[in-house]
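Colleague: model this:
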Amino acid sequence: MFEDEKDDKIYNLIITKGIDMKNEYGQFCEKLFSKVDFLWKESISGSYAHAGDAFYEKIDGIILLAGIYNDNKELFNDLLAASERYDIPTILVRPYGLEEVPEVLEENATTIVGWNANCIVDSIKSARELM
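Modeller: Predicted structure coming up:
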């Protein structure tokens, strides 16, 4: 990486968690950790429906892991509502090993990405520009 391309920003992300039989959350975090030049932290709330302005105003992106959607629809709905209310970009990650995503998520996502670490990081960095 060239020195003038260095990105020192620490991206504040919400990553969907919940019932996750295939450990997509763990695999996704491993992808982010593999990019040592990408700085990020995760913000977690006990209830995304009730988290307030102070919580959401610092969020740079919401990561929606499409593979866990069916078992966690309420969580996804809360995060989609927050995304719209606070103008936060959503990065939809396809189910691991599959191309299709739930239509409701596709319609509301800022961008859709697969499981390539470089593509994930690029999507997070550029999501705000796509809104």
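
Colleague: am I right that Leu98 sits in a strand?
Modeller: No. Using DSSP: H, G, I helix; E, B strand; the rest coil, the assignment for Leu98 is coil, not a strand.

Colleague: find the nearest non-adjacent residue to it, please.
Modeller: Of all residues not flanking Leu98 in the chain, Gly67 sits nearest, at 7.5 Å (C-beta to C-beta, 6 or more residues apart in numbering). C-beta: built from backbone N, CA, C; applies to glycine.

Colleague: please apply the same query to Ile68.
Modeller: In space, Ile68 is closest to Asp20, 4.9 Å off (C-beta to C-beta, 6+ apart).

Colleague: surely that neighbour meets Asn70?
Modeller: No. Contact between Asp20 and Asn70 fails when scored by C-beta atoms under 8 Å: they sit 11.2 Å apart.

Colleague: compare the two (neighbour count), which wins?
Modeller: Asp20 (17 against 11; other C-beta atoms under 10 Å).

Colleague: which residues touch that one?
Modeller: Gly26, Leu65, Gly67, Ile68, Asp71 (C-beta atoms under 8 Å, 6 or more residues apart in numbering).

Colleague: weed out the non-buried ones from those residues.
Modeller: Using 16 or more other C-beta atoms under 10 Å as the burial test, the contacts of Asp20 include Leu65, Gly67, Ile68 as buried.

Colleague: format these as JSON lines; extra columns: distance to Val93 and secondary structure.
Modeller: Shown next, in JSON lines, are these (distance: C-beta to C-beta, whole Å; DSSP: H, G, I helix; E, B strand; the rest coil):
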{"residue": "Leu65", "distance to Val93": "5", "secondary structure": "strand"}
{"residue": "Gly67", "distance to Val93": "8", "secondary structure": "helix"}
{"residue": "Ile68", "distance to Val93": "10", "secondary structure": "helix"}
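
Colleague: much appreciated, bye for now.
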